[in-house]
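Q: got a predicted structure here, sequence first:
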Amino acid sequence: MTHTTIQLEVCTPTWQSVVAAVEGGANRIELCSALGVGGLTPSYGLIHKIHSNYPDLRIMALIRPREGNFVYGEAEAQVIEHDIAMAVHEGAAGIVVGALTPEGTVNEVLMQRFIHQAGACEVTFHRAIDHCVDPLAAIDVLIRLGCTRVLTSGAQPAAEQGTDMIRQMVQRADGRLVVMAGSGVNADNVRHIIDATGVTEVHASASAVVYDESPGNRRVPMTPHGYAETSADKVKALLAVLN
């Protein structure tokens, strides 16, 4: 019996998280900032630092200029194009981006521009697909545009709840586009998600809450409820299940 190799992508918001992901055995990350709002574009300096220190680590840079919806005007589109160019210049192996029309369909015009700007780099369409009125029709559009993969929770808050839709997406893509399951993926449910959907790639933050107990933070709390950082042990646990 042959087993399909499953690719793990670890979502990392900071340098500390990247170090933990690598220590845990990850070979690919999605790099972002501000996980608390779903992720925003990381700094160019962070991309440069990671690529310099871990040249073999595949960095997928999230390009999202603000929180909120994925409907962008021309000014924001130009910001995204510039951010893509800078991320590629600093060593990103791929970019993660998405744009929708006000009607809830893939904005093909903007996505064509973003894909062109990415050049030879991989392009992942992110969970904006979960906000589409017809995610399956969106799969056809992404294939036609030439996207490498799509990240989805199956139009549900978490991938474990969206397995039916994710499975339909995998069937619709039929190998022409990688469907990657993400949101709420952990060592306890990852095998069920894979078996239920047929995905060959999964996306997880593998994070634990860190509390800042420094004297300054106690006086003027910037992170009163803690913040998420990738855990090397959780990455190892995920890879142990996958391997």
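A: All right, it came through fine.
Q: so what's Gln7 up against?
A: 28, 180, 200-202 (Cβ atoms under 8 Å, 6 or more residues apart in numbering). Quick note: C-beta positions are derived from backbone N, CA and C, even for glycine.
Q: which members of those occur in strands, if any?
A: 28, 180, 201-202 (DSSP state E).
Q: what sits against Met60?
A: Per Cβ under 8 Å, 6+ apart, neighbours of Met60: 9, 28-31, 92-96, 122, 124.
Q: wait, is it part of a strand?
A: Yes - Met60 forms part of a strand when assessed by DSSP: H, G, I helix; E, B strand; the rest coil.
Q: and the most centrally placed residue in the chain, what are its phi and psi?
A: The residue lying closest to the centre of the chain (Cα atoms, centre = their mean) is Glu30, at 5.0 Å. With angles defined as degrees, to the nearest 10, Glu30 sits at phi -100, psi 120.
Q: picking up where we left off before, Ala240: which of the ones in strands among the contacts of Gln7 is nearest?
A: Within those, proximity to Ala240 (Cβ to Cβ) peaks at Val202, which comes in at 13.6 Å.
Q: give the contact list for that closest one.
A: 6-9, 159, 180-182, 185, 190, 193-194, 238, 242.
Q: picking that back up, can you tell me which of the contacts of Gln7 is nearest Ala75?
A: Met180 (30.0 Å).
Q: for the closest one, which non-adjacent residue is closest in space?
A: Counting by Cβ to Cβ, 6 or more residues apart in numbering, the nearest residue to Met180 once its immediate chain neighbours are dropped is Glu201, at 4.0 Å.
Q: one more: Gln117?
A: Among residues not flanking Gln117 along the chain, Ile84 sits closest, at 4.4 Å (Cβ to Cβ, 6+ apart).
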